[in-house]
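Participant: need a 3D model of the sequence below.
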Amino acid sequence: MPRARSKILVLGGGYVGLYVTWTLEKHTEVDLDITVVEPRAYMTYQPLLPEVAGGHVEPRNVTVDLRQAFSHAKVVRGSVTGLDSRRRVATVQTIDGQEQRLEYDHVVIGMGAVSRVFPTPGLAERGIGFKTIEEAVGTRNTVLENVARAAAATDPAERQKYLTFVFVGGGYTGVEALSELSDLSKKAIAAQPALRGEEPRWVLIEALDRVAPEVGPELSTWTLGELRNRGIDVRLKTTLKSCEDDVAVLSDGESFPFGMIVWTAGVKPNPALDAMDLPRGPKGHVVANSRLQVVREDGSWVRGAWAAGDIAQIPDTTKKQQPAFYPPNAQNALRQAVLLGESIPKAIRRRRPRPYVHYTLGTVASYGILKGAANIHGIQLKDTWAWLAHRGYHLLAMPTTDRKIRILAGWVADALGRIDLTPTDDLEDPRHDFRVEAEKAGAPR
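Facilitator: Below is the predicted model of the structure:
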């Protein structure tokens, strides 16, 4: 008699979706029908996005094509529009606008997080985040194009505006991205004879009293000093009140024109959760127990529902002070996903899954070539050693051997060749030239 196939629905194709599916596909002792739902065709390795912005890594090399990554899992390109946990069915709007109903026996909630923004006037019109490849490439292009515009400008005030860049949010992601782009702007300016003697202005706005708190208090203080030594205008205990009409207005009363504003002030759970009937924590995360099972307020399991990664509130039982939860980072998402891939087959065979327990390996951060900070098992590293640790760790953590080789080859070429200052902003509107000629010819749009 053939075994009954268990329908596994994986929502999200990031760290959680990729690694839980990889792990599930290895379990041949159970018959699984796996479906992965993700709007994009690829998974993005976000820790290397600052290097994409800096031009050290090609954008496609920090992606993993989902269809190629899986041996038999089905990939549905689309967004989740609803989930009924009692009936065990999810609704999905595919990229062609069709609606599908997907039934499941087990569902993995792993759609990750999105940028957390506030109703700041002008932000929607002028701001850009830093969570996707498109945003990383977009910030790089904007820096290079603004330097070119500054070189062409004859008005000193207009030139200064183009050379003023603002980052809102001083976590280590923001500091890494700012550092790479700041170095890029200086190299681009040096290549413009018309800008000889000019310096870019980089402003980092942070509501807390420190930057890069993830690396620990001592290295956080050191990072602040390093940024200021590099000419970065760091504003602590400060917020952005408005950025309308290309003018940044700060809570300390200062205002100034800017050429680019990047928002890296934290993340929040994917709003797709609003269309689901799952228990939520005080900050909007899916509530799960240490076994990554979605649970109700009374601790009972929402049968068949599992959660991991940035979207989930997972209790950290290693901490003395409770309640405590694991931070939303790639280190935890990857390990939770692997455990989940082991736990679902156990649950199918009516075996008890083991709890998630992870002692952090530390934090590595790169602040540009040969610069960085790292705290690895309590050992603090700075500059070259920290930068090498950052590159070594993320090269090993990057999924697939193919991508590891491509990234390493790119680093070697980057070290041996000249810096690439080519903007690719035309790729953002590839029909522009053809559309102009068609309009001249009188063809309707």
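Participant: once you drop chain neighbours, what's closest to residue 103?
Facilitator: residue 89 (5.0 Å; C-beta to C-beta, 6 or more residues apart in numbering). Just so you know, the C-beta spots here come from the backbone N, C-alpha and C atoms, and that holds for glycine as well.
Participant: let me know the pLDDT of residue 423.
Facilitator: What the model reports as pLDDT for residue 423 is 84.
Participant: tell me the spacing between residue 171 and residue 55.
Facilitator: Separation of residue 171 from residue 55 (C-beta to C-beta, to the nearest Å) stands at 22 Å.
Participant: more crowded one of these two?
Facilitator: Neighbours per residue (other C-beta atoms under 10 Å) separate residue 171 from residue 55, with residue 55 holding more: 21 against 18.
Participant: pick out the residue nearest the middle of the protein.
Facilitator: Residue closest to the mean C-alpha point of the chain, counted by C-alpha atoms, centre = their mean, is residue 131 at 3.5 Å.
Participant: just list whatever residues bridge to the spatially closest residue to it that is not a sequence neighbour.
Facilitator: In space, and not counting its chain neighbours, residue 131 is closest to residue 115: 5.9 Å by C-beta to C-beta, 6+ apart. Here residue 115 sits in beta bridges with residue 267, going by DSSP bridges.
Participant: if you tally nearby residues, what's the number for residue 115?
Facilitator: By the measure other C-beta under 10 Å, the count of residues near residue 115 is 18.
Participant: and it, what's its pLDDT?
Facilitator: 91.
Participant: would you quantify the distance from it to residue 288?
Facilitator: 23 Å.
Participant: and the helices in this structure, which stretches?
Facilitator: 15-25, 49-54, 66-69, 123-126, 133-152, 156-162, 172-190, 217-229, 330-348, 383-397, 401-416, 432-440 (DSSP state H).
Participant: weakest of these in terms of mean pLDDT?
Facilitator: helix 432-440 (a mean of 82).
Participant: burial of the residue nearest to residue 380 when sequence neighbours are not counted, as a residue count?
Facilitator: Setting aside the residues directly before and after it, residue 380 is nearest to residue 219 in space (C-beta to C-beta, 6+ apart), at 5.8 Å. Residues near residue 219, counting by other C-beta under 10 Å, number 24.
Participant: could you do residue 157 as well?
Facilitator: 8.
Participant: who's the closest residue to it other than its chain neighbours bridged to?
Facilitator: Leaving aside its chain neighbours, residue 157 sits nearest to residue 257 (7.5 Å; criterion: C-beta to C-beta, 6+ apart). When assigned by DSSP bridges, residue 257 has beta-bridge partners residue 247.
Participant: could you measure from residue 257 over to residue 94?
Facilitator: 43 Å.
Participant: ok, residue 281 touching residue 313?
Facilitator: Yes: using C-beta atoms under 8 Å, residue 281 is in contact with residue 313, at 4.2 Å.
Participant: which neighbours do the two have in common?
Facilitator: Residues touching both residue 281 and residue 313 by C-beta atoms under 8 Å, 6 or more residues apart in numbering: residue 287.
Participant: those two: which has the busier surroundings?
Facilitator: The residue with more neighbours, out of residue 281 and residue 313, is residue 313; 21 against 14, by other C-beta under 10 Å.
Participant: let me see the contact set for the more buried one.
Facilitator: 281, 283, 285-288, 325.
Participant: between these, which sits nearest residue 374?
Facilitator: Nearest to residue 374 among those is residue 325, at 23.8 Å by C-beta to C-beta.
Participant: could you measure that closest one against residue 298, distance?
Facilitator: Distance from residue 325 to residue 298, by C-beta to C-beta: 19 Å.
Participant: how many neighbours does residue 431 have?
Facilitator: Count around residue 431 with other C-beta under 10 Å applied: 8.
Participant: got phi/psi on it?
Facilitator: Per-residue torsions, residue 431: phi -90, psi 0 (degrees, to the nearest 10).
Participant: look up how far residue 438 lies from it.
Facilitator: Distance from residue 431 to residue 438, counting by C-beta to C-beta: 9 Å.
Participant: swap in residue 91?
Facilitator: 39 Å.
Participant: rewinding a little: which ones are touching the residue nearest to residue 380?
Facilitator: Per C-beta under 8 Å, 6+ apart, neighbours of residue 219: 212, 373-375, 380, 382.
Participant: adding neighbour count and pLDDT, write those out as a markdown table.
Facilitator: Supplementary listing: the contacts of residue 219 in a markdown table, determined by neighbours: other C-beta atoms under 10 Å; pLDDT from 0 to 100:
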| residue | neighbour count | pLDDT |
| --- | --- | --- |
| 212 | 26 | 93 |
| 373 | 30 | 96 |
| 374 | 24 | 95 |
| 375 | 22 | 94 |
| 380 | 16 | 95 |
| 382 | 16 | 96 |
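Participant: among the residues you listed, which one sits closest to residue 408?
Facilitator: Closest approach to residue 408 among these (C-beta to C-beta): residue 374, at 19.6 Å.
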